[in-house]
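Enquirer: task: produce atomic coordinates for the following.
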Amino acid sequence: MVRERESVTRVADGVLRIHRAAVNCYLVVSPDGLTLIDAGLPGGRRALGDALRSVGATTSDISAVVLTHGHFDHVGMCARLERDEGVPVHVHAADRPLVRHPYRYEHERPRWPYPFRHPGALPILGSMVAAGALSVKGAAAEGDVHPGAPLEVPGGLVPIATPGHTAGHLAYLLPERGMLFTGDALVTLDPYTGREGPRIVARAATADAAANLVSLSALGKTDAGLVLPGHGAPFSDGIRAAVAIACRTPVA
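Expert: Predicted structure coming up:
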């Protein structure tokens, strides 16, 4: 399959998927402002600009960045948004140190064998490097996101605790719209193997795969109809179907 390198797609009214180098972030547009869910890689700035222009906005109009977790490929634009526009960045307290040091993350298996065992991942990893994966700067995030409590940011997002990929991983639900942003708790493309379909990310980047699999039950309880992952295409058959597939898919 030939994968898009960079794109902006409207996945629903008021929600834009910003895609660059197999990494997704999402712009939620509401009457009270704009919220960016995850911040991709540094090379995603042009796509972010395209998304903002499509709704008549600029980076100065972003009210907040909310992070699913602190890995380098989800915080890539945070430092610049903080520095240049004063945009606050929010994350679970357990992932706050990781946002500051986005390469210091726990993982169950060494990363280096994966490109040899899974050559289909090489184009993906290469595109991530080209998009700045090796030069991400940390950000001074606020560790103030508490699962279950609606966020005081535009959009009315509700964070859901989904530890495993990282200690403080969160998903975000738009409850009235049945939309679930799963980050890397559940993806439809694993960058470390190149395999597609609902699954959890390979142990090369997951701190605790067993805990991650347990967290899928929390996602399923939302009964969301549209699943918007951190990597891969949206999944429109509902979170329950996505979780069922992920639970029976071996973890690489």
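Enquirer: alpha carbons only for contacts and neighbour counts from here, please
Expert: Will do.
Enquirer: longest helix in this structure, by residue count?
Expert: helix 209-220 (DSSP state H).
Enquirer: hmm, who's touching that helix?
Expert: Outside helix 209-220, the residues within contact range by C-alpha atoms under 8 Å, 6 or more residues apart in numbering are 108, 160-165, 171, 182, 185-186, 200, 203, 239-240, 243, 247, 251.
Enquirer: shaky segments in the stretch 1-150 of the chain?
Expert: Within the stretch 1-150 of the chain, the segments meeting pLDDT under 70 span 1-4.
Enquirer: all strands of the stretch 101-250 of the chain, in order?
Expert: 158-161, 170-174, 179-183, 187-189, 196-199, 226-229 (DSSP state E, counting those that start in this stretch).
Enquirer: what about the helices in the stretch 51-200 of the chain?
Expert: 78-85, 96-100, 114-117, 122-130 (DSSP state H, counting those that start in this stretch).
Enquirer: can you tell me which of these is packed in deepest?
Expert: When you average the neighbours per residue for each of those (mean count of other C-alpha atoms under 10 Å), helix 96-100 leads with a mean of 23.
Enquirer: keeping just the C-alphas, turn that one into CSV.
Expert: Only the C-alpha atoms of helix 96-100 are listed here, as CSV (Å, rounded to 0.1, in the frame of the first residue of the first chain):
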residue,chain,number,x,y,z
ARG,A,96,5.2,15.0,32.3
PRO,A,97,8.9,14.0,32.7
LEU,A,98,8.7,12.2,29.3
VAL,A,99,7.4,15.3,27.6
ARG,A,100,10.5,17.1,28.8
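Enquirer: which residues are in contact with that helix?
Expert: Counting by C-alpha under 8 Å, 6+ apart, 69-72, 75, 104-105, 137-143 sit against helix 96-100.
Enquirer: cutoff 7 Å now
Expert: Contacts to helix 96-100, defined as C-alpha atoms under 7 Å, 6 or more residues apart in numbering, come from residues 70, 71, 75, 104, 105, 138, 139, 140, 141, 142, 143.
Enquirer: redo those as TSV? Include neighbour count.
Expert: Shown next, in TSV, are those (neighbours: other C-alpha atoms under 10 Å):
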residue	neighbour count
70	32
71	27
75	30
104	13
105	19
138	22
139	25
140	17
141	26
142	16
143	17
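Enquirer: re earlier: including mean neighbour count, distance to residue 32 and mean pLDDT, could the strands of the stretch 101-250 of the chain go into CSV?
Expert: CSV is the format used below for the strands of the stretch 101-250 of the chain (neighbours: other C-alpha atoms under 10 Å; distance: least, C-alpha to C-alpha, whole Å; pLDDT from 0 to 100):
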stretch, mean neighbour count, distance to residue 32, mean pLDDT
strand 158-161, 23, 16, 98
strand 170-174, 25, 15, 98
strand 179-183, 26, 19, 98
strand 187-189, 25, 29, 98
strand 196-199, 21, 33, 98
strand 226-229, 25, 22, 98
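Enquirer: many thanks, have a good one.
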